[in-house]
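[1] Show me the folded form of this:
(one chain, ligands or ions: 2)
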Amino acid sequence: MPTEIFFGRNQIEVLSKQLKKGNIKSVLLAYGHGSIKRIGLYDKIVSILNESSVKITELPGIDPNPRISSVAKGAGLCRENKVDLIIAAGAGSVIDCCKAIAAARYYNGDPWDFFIRKTSVKKALPICAILTLAATGSEMNGGCVLTNEKTQEKLPMGSIRLKPKFSILDPTCTFSVSKSQTAAGIADITSHVFEQYFSYPDAALQDYMSEAVLKTVIENAPIVLAEPENYEARANIMWAGTVALNDLLELGKDGDWATHLIEHELSAKYDITHGVGLAILTPNWMKKVLDEKNCSKFAKYGRNVWSITEKDDMKTALQAVEKTAAFFKSLGLPQKLSEISIDSSKFEEMAASALKNCPVGRFKPLSKEDIVEIYRMSL
Ligand code: NZQ
Ligand code: ZN
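    Ligands and ions are numbered 1, 2, ... in the order given. Presented below is the predicted three-dimensional model:
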């Protein structure tokens with residue numbers, strides 16, 4: 001895990017030392033649509049960069065569900081300005097976009113080639129992530145997910161070379177995140193754990209750690225929603241988000257990732273918030289894949305995370321699925337696709353598209369018909 005983490009209040013202060021350590025002369029400062037300005041983070045970063053006499057090139061306006069067109073623009077800016085560090089100040093979309101920029105800086109072709117596996121990351125600029133929303137884990141992993149607005153595809157790619165060099169995680173930067181985005185982030189974190197927990201082979205330590213992350217999130221979720229400035233609760237959710245997807249929980253296992261692949265289709269076609277799509281799909285994915293063979297794993301989840309005392313595995317598993325759906329509901333998240341104005345018209349197309357680049361589901365492989373049924377169950 002090459003990413004150095006600086007966690008806690010005012011950790012932004014480490015930035016000047018890190019710039020000196022890396023002999024950084026020119027940075028690309030990338031961010032979204034202004035939240036970092038509203039919370040005062042932008043001013044703090046710029047003042048440190050100015051004090052350190054570092055040249056700043058800005059890339060503002062990175063969208064949620066980041067677009068590949070921002071990548072080409074960012075890579076061009078990095079070349080023109082001899083950038084030697086990218087500072088990604090924001091949430092998952094900003095960090096993801098910066099990872100693609102870091103790789104595209106050294107690639108002469110179309111940046112989308114990384115996502116359709118036409119090329120791989122051979123070299124990348126170093127990245128500093130300054131996280132402002134707990135959700136994706138992008139601050140400590142090598143993955144990124146970009147949308148191609150022309151083809152309406154949303155695809156992931158990853159490389160160890162894209163793991164941030166260092167990340168600054170100050171929970172106070174998440175105080176301003178709205179209730180709905182906080183809830184969506186929490187759904188994303190829990191989904192990351194499910195994708196790795198429901199997998200083969202079983203691994204005792206990874207499973208116990210996964211259950212600990214889930215319990216931490218379940219305990220702290222109502223607190224951050226009721227008290228957005230509760231430091232302890234925001235800190236617990238933030239660190240849970242990082243640990244949920246920094247490779248640790250998946251070591252030695254084949255993560256499932258079906259729910260994510262099916263959700264990315266919704267985000268690509270309807271530009272919805274990733275965590276909202278996951279909250280709707282996850283209980284239905286569980287219902288669809290649960291069978292006699294795997295119900296002991298769902299029962300383990302029900303007993304260890306939800307303290308269900310029922311003896312029968314299948315009954316426990318079914319209760320665990322209901323608890324999961326009720327948890328997402330308690331966060332105020334939508335429970336049906338129809339609540340977010342999605343109808344069945346693109347189900348076939350999205351299911352085919354999900355299967356276009358790789359098989360979907362390793363805990364239980366899904367056919368096109370299975371995926372359509374999960375969408376239908378979610379309507
Ligand atoms: O654009 P700004 O103004 O910054 O506003 C953002 C945006 O509107 C806002 N926000 C961020 N920090 C805030 C804040 N608002 C108030 N106060 C703050 N402190 O939140 C909105 C959503 O931002 P976004 O970056 O889209 O959220 P998230 O972190 O959930 O990222 C989602 C993206 O990450 C991808 C998703 O598919 C989606 O595109 N994923 C990345 C992964 C990875 N790299 O490992 C894995 C995930 O499974 C996921 O697929
Ligand atoms: Zn996710």
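
[2] How about the residues of the stretch 251-379 of the chain by ligand 1?
    Contacts of the stretch 251-379 of the chain with ligand 1, taken as C-beta under 6 Å from any ligand atom, map to 260, 267, 274-275. (Glycine included, C-beta is placed from N, CA and C.)

[3] try 8 Å
    260, 263-264, 267, 273-275, 278 (C-beta under 8 Å from any ligand atom).

[4] Closest one to ligand 1 out of those, please.
    Within these, proximity to ligand 1 (C-beta to the nearest ligand atom) peaks at H274, which comes in at 3.9 Å.

[5] about what we covered before: in helices only, show me the residues of the stretch 251-379 of the chain next to ligand 1.
    Counting by DSSP state H, the part of those found in helices is 260, 263-264, 267, 274-275, 278.

[6] Pull the most distant pair out of the residues of the stretch 251-379 of the chain next to ligand 1.
    H260 and T273 (13.8 Å; C-beta to C-beta).

[7] For the stretch 151-300 of the chain, just list every one of the helices.
    Using DSSP state H, counting those that start in this stretch, the helices of the stretch 151-300 of the chain run over 179-197, 204-226, 231-244, 258-270, 274-289, 295-306.

[8] between the last one and helix 179-197, how big is the angle?
    In this structure, helix 295-306 runs at an angle of 140 degrees to helix 179-197, with axes from the mean of the first three to the mean of the last three C-alpha atoms, to 10 degrees as the basis.

[9] In this structure K82 contacts V27, no?
    No. Using C-beta atoms under 8 Å, K82 makes no contact with V27, being 10.6 Å away.

[10] more neighbours, those two?
    Shown here are K82 and V27; by other C-beta atoms under 10 Å, V27 has more neighbours (24 against 10).

[11] a strand runs through that one, doesn't it?
    Yes. The assignment for V27 is a strand, going by DSSP: H, G, I helix; E, B strand; the rest coil.

[12] who's in contact with the residue lying closest to G158 once chain neighbours are set aside?
    Computed as C-beta to C-beta, 6 or more residues apart in numbering, the closest residue to G158 that is not its neighbour in sequence is G143, at 3.9 Å. Contacts for G143 (C-beta atoms under 8 Å, 6 or more residues apart in numbering) come out as 96, 99, 156-158, 162, 245.

[13] and T57, helix, strand or coil?
    strand.

[14] Could you do the one 5 residues further on as well?
    In the three-state summary, I62 is assigned as coil, counting by three-state DSSP.

[15] what's next to the helix or strand containing L19, contact-wise?
    If you go by DSSP states H and E, L19 is part of helix 14-21. Outside of helix 14-21, the residues within contact range by C-beta under 8 Å, 6+ apart are 6, 24, 45, 48-49, 51-52, 54, 85, 128, 166, 168.

[16] Adding pLDDT, write the residues you listed out as JSON lines.
    As requested, the contacts of helix 14-21 are exported to JSON lines (pLDDT from 0 to 100):
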{"residue": "F6", "pLDDT": "98"}
{"residue": "I24", "pLDDT": "98"}
{"residue": "I45", "pLDDT": "98"}
{"residue": "I48", "pLDDT": "98"}
{"residue": "L49", "pLDDT": "98"}
{"residue": "E51", "pLDDT": "98"}
{"residue": "S52", "pLDDT": "97"}
{"residue": "V54", "pLDDT": "98"}
{"residue": "L85", "pLDDT": "98"}
{"residue": "C128", "pLDDT": "98"}
{"residue": "F166", "pLDDT": "98"}
{"residue": "I168", "pLDDT": "98"}
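
[17] so which of those is the most crowded?
    The residue in the contacts of helix 14-21 with the most neighbours, by other C-beta under 10 Å, is C128 (29 neighbours).

[18] does the residue lying closest to that residue once chain neighbours are set aside have beta-bridge partners, and which?
    Take C128 and drop its neighbours on the chain: the residue closest to it by C-beta to C-beta, 6+ apart is I87, 4.9 Å away. In this entry, I87 is beta-bridged to L29, C128, by DSSP bridges.

[19] ok, now which ones touch I87?
    The contact partners of I87, taken as C-beta under 8 Å, 6+ apart, are 27-30, 45, 127-128, 130.

[20] of those, list those near ligand 1.
    Checking the contacts of I87 against ligand 1 (C-beta under 8 Å from any ligand atom), there are no matches.

[21] So which of those is the closest to R67?
    A30 (13.0 Å).

[22] was I right about that closest one contacting C98?
    Yes. Counting by C-beta under 8 Å, A30 does reach C98; the two are 5.2 Å apart.

[23] Comparing the two, which shows the higher neighbour count?
    Legend: neighbour count by other C-beta under 10 Å for A30 and C98, higher for C98 (34 against 26).

[24] quick one: that one and V372, what's the gap?
    Using C-beta to C-beta, to the nearest Å, one gets 35 Å for the distance from C98 to V372.
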